[in-house]
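*Asks:* quick one, fold the following:
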Amino acid sequence: MIYPSVDVLKTKIDSKYSLVSLAAKRARTMQEGSAELLSDYKSVKNVGKALEEVAAGVLTKEKQDESKVYEDEV
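*Replies:* Take a look at the predicted model:
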């Protein structure tokens, strides 16, 4: 069994794509030396730690500003 479960994660983030993207970006920042957001992790790897942060509610998806044009929309 994987911790945290996909069911728990889906209650925090609306789509699997957004969840994977968010966890990958956070894992990259952790690999580059960013501070950890939780005091204790069950996972050893950064992706697992990022998913634990999502499950704990400390890592959330940022709302897009409708008036701003992002690089991938050009």
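*Asks:* need the single longest helix in this structure, by residues.
*Replies:* Ranked by number of residues, the top helix in the chain under DSSP state H is helix 16-31.
*Asks:* and the contacts of that one?
*Replies:* Helix 16-31 has contacts (Cβ atoms under 8 Å, 6 or more residues apart in numbering) with 6, 9-10, 13, 36, 45-47, 49-51, 53-54, 59, 61. Heads up, the C-betas are built off the backbone N, CA and C, glycines and all.
*Asks:* list the buried ones in the lowest-mean-pLDDT helix or strand in the chain?
*Replies:* Within the chain, no helix or strand scores below helix 6-12, which has a mean of 89 by mean pLDDT, DSSP states H and E. Buried residues in helix 6-12, counted by 16 or more other Cβ atoms under 10 Å: 9, 12.
*Asks:* show me what it is packed up against.
*Replies:* Secondary-structure packing of helix 6-12 (3 or more Cβ pairs under 8 Å, 6 or more residues apart in numbering; DSSP states H and E): helix 16-31, helix 46-56.
*Asks:* how about 6 Å then?
*Replies:* The contact analysis (3 or more Cβ pairs under 6 Å, 6 or more residues apart in numbering; DSSP states H and E) places helix 6-12 against helix 46-56.
*Asks:* where in the chain is pLDDT low?
*Replies:* For the chain, residues meeting the criterion pLDDT under 70 lie at 1, 64-65, 70-74.
*Asks:* still on that earlier bit, among the contacts of helix 16-31, who's most crowded?
*Replies:* Counting neighbours by other Cβ atoms under 10 Å, residue 51 comes out on top of the contacts of helix 16-31 with 28 neighbours.
*Asks:* tell me the angle of the longest helix of the chain relative to helix 46-56?
*Replies:* Orientation of helix 16-31 against helix 46-56 (axes from the mean of the first three to the mean of the last three Cα atoms, to 10 degrees) gives an angle of 120 degrees.
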